[in-house]
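Student: This is a predicted model, with the sequence first.
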Amino acid sequence: MTESALPAPVRAAVSIPPAHLRGTPGFRRATLALFAAGMTTFMTLYCVQALLPAFSHDLHLSPAASSLTVSVSTAAMAVLVVPLTAVSDAWSRTGMMTASLSAAAVLGVAAAFAPNFGTLLVIRVLQGMALAGLQATAMSYLAEEVDRASLGQAMGLYVAGNGIGGMAGRLIADGILDVTGSWRWALGGVGVLAAVSALGFRLLIPASVRFDRRDPNPRALASGIARALPDSGLQRLYLVGFLAMAAFVTVYNYLGFRLIAPPFGLSQATAGLLFTTYIAGSFSSATAGRLVDRYGRPRVLAPALAITLTGLALMLIPALGAVVPGLVVFTVGFFAAHAVASSWVGARSRSLGAQGAAVYLFCYYIGSAVGGSLGGVFYSSGAWNGVSAYCAVLIAVALLSAVTLRRLRPIPVP
């Protein structure tokens, strides 16, 4: 599929097909392809969360040290997501996403052969770097190719893919670990599935017809970032993404350690089944997209974060009858909030170029890397109560930021 490379003035003079509307074949192909891309990203990034206790046991690591397999990937992604936006602008939206997914799949298989923990961390860094290309491009592709009236649902379905991938990666890795007793087989199996998903993406994704190729220009990149940073609305959305993701990754990093210890005493396989709660997040992100299209983003974001905080409170009760529903509620709220915030950034920053969306993703994944690792300190010092207090503060601040966005004025689209 060849991207359009005509200069903007020439493209303006030719007939360009309309943006994809909900219900059209192009919309279905685009959203299904991006669903697969989001699924592959989270499957690759977070499959290791199910393996953290195994890393700690086999490699003699603390919970915080084993969580570095998550943090280094997300940190690498965060660092590269902005510069790779410029590469995507100069090269190809679909080409960038295809290359990113393919490289991440190959590295996923390679991780199974890592001779030691240090090598495993290096491979995880490279995976994060590869996936940065997809993350730098996906929201821009949707903002360009999908009609604004349908963008909320399209973004919601993309985030839903994140939820399915996160759940699938954890469950598959945990299942393979339970059967084989080896985290190496688990990583290799997830890598093979990521390759299949990457192939499906390539076959489905429609060519970009509203994309204007631009030559790499470091000054233009810096200028685009500079225009995205001062906007007070975007600043608050960046903060929401950072804080919400920090809390989310912390909960999923350390809940497994809590559940295999007293008073729960669950097996690794049984504890891993709780990752099925991710499916609720997938439905909530798609639902949030439809609610945004109907009611607007300001009326959806704050309630989503309030739901997240409610779920966290439920998980404080030391009984599975409270922890499981609490995790479902927590996950529903987080994915809804992320779907709303990411689509809001994409729409608001369109007049600023792709850099606004890239800055949001930088903050989002730095939240995962830094916030998730810092959560390990609270777990080591205060067990689950320490983790809960830490995450409650993060979500409460995000909620306050969301409340202030209710009166935010939209940026006119040129």
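Tutor: That came in fine, so what should we check first?
Student: Now do the same for Phe211: its pLDDT.
Tutor: What the model reports for Phe211 is a pLDDT of 62.
Student: What of Leu61?
Tutor: 89.
Student: shaky segments in the protein?
Tutor: 1-15, 90, 210-217, 350-355, 410-414 (pLDDT under 70).
Student: if we go to 50?
Tutor: 1-6, 9-13 (pLDDT under 50).
Student: which residues of it fall in strands?
Tutor: In the chain, no strands are found when defined by DSSP state E.
Student: can you map out the helices along the stretch 51-200 of the chain?
Tutor: 52-59, 63-66, 68-90, 93-111, 117-145, 148-180, 183-204 (DSSP state H, counting those that start in this stretch).
Student: right, and those - which one's nearest Arg22?
Tutor: Within the helices of the stretch 51-200 of the chain, the stretch nearest Arg22 is helix 148-180; the backing value is 4.1 Å (Cβ to Cβ). Placement of C-beta: from N, CA and C, glycine included.
Student: in that closest one, what's buried?
Tutor: 150-177 (16 or more other Cβ atoms under 10 Å).
Student: could you say what helices and strands it packs with?
Tutor: Counting contacts by 3 or more Cβ pairs under 8 Å, 6 or more residues apart in numbering; DSSP states H and E, helix 148-180 is packed against helix 25-46, helix 117-145, helix 183-204, helix 268-272, helix 278-295, helix 320-348.
Student: Let's see that with 10 Å instead.
Tutor: For helix 148-180, the packing partners by 3 or more Cβ pairs under 10 Å, 6 or more residues apart in numbering; DSSP states H and E come out as helix 25-46, helix 52-59, helix 117-145, helix 183-204, helix 232-260, helix 268-272, helix 278-295, helix 320-348.
Student: if we can go back for a sec, in TSV, list the helices of the stretch 51-200 of the chain along with distance to Ala313.
Tutor: Listed next are the helices of the stretch 51-200 of the chain as TSV, based on distance: least, Cβ to Cβ, whole Å:
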stretch	distance to Ala313
helix 52-59	24
helix 63-66	23
helix 68-90	24
helix 93-111	36
helix 117-145	31
helix 148-180	22
helix 183-204	32
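Student: Out of those helices, which gets nearest to Leu266?
Tutor: When those are compared by Cβ to Cβ, helix 52-59 sits nearest Leu266, at 10.9 Å.
Student: buried stuff in the closest one?
Tutor: By neighbour count on 16+ other Cβ under 10 Å, the buried set for helix 52-59 is 52-56.
Student: cool, and stretch 73-89?
Tutor: Buried residues in stretch 73-89 (16+ other Cβ under 10 Å): 73-82, 84-89.
Student: Show me what counts as buried in stretch 369-389.
Tutor: For stretch 369-389, a neighbour-count test (16+ other Cβ under 10 Å) marks 369-376, 378-379, 384, 386-388 as buried.
Student: Equivalent analysis for stretch 314-329, please.
Tutor: Quick answer for stretch 314-329 (16+ other Cβ under 10 Å): 314-315, 323-324, 326-329.
Student: just stretch 180-198 next, same as before
Tutor: For stretch 180-198, a neighbour-count test (16+ other Cβ under 10 Å) marks 183-184, 186-191, 193-195, 197-198 as buried.
Student: Contact partners for Ala149?
Tutor: Ala149 is in contact with 19, 21-22, 293, counting by Cβ atoms under 10 Å, 6 or more residues apart in numbering.
Student: thinking again about what came up before, which among the buried residues of helix 52-59 gets closest to Ala244?
Tutor: Out of the buried residues of helix 52-59, the member with the shortest distance to Ala244 (by Cβ to Cβ) is Leu52, at 21.0 Å.
Student: What separation do you get for the closest one and Thr69?
Tutor: 7 Å (Cβ to Cβ, to the nearest Å).
Student: between those two, what contacts are shared?
Tutor: Residues touching both Leu52 and Thr69 by Cβ under 10 Å, 6+ apart: 61, 183.
Student: do you know how far the residue lying closest to Val249 once chain neighbours are set aside is from Thr41?
Tutor: Spatial nearest neighbour of Val249, chain neighbours left out: Gly372 (3.8 Å); criterion: Cβ to Cβ, 6 or more residues apart in numbering. Distance, Gly372 to Thr41, by Cβ to Cβ: 16 Å.
Student: Same check on Leu204?
Tutor: 16 Å.
Student: same question, Pro263
Tutor: Separation of Pro263 from Thr41 (Cβ to Cβ): 35 Å.
Student: ok, these two, which is more surrounded?
Tutor: A direct count of neighbours by other Cβ atoms under 10 Å for Pro263 and Thr41 places Thr41 higher, at 28 against 8.
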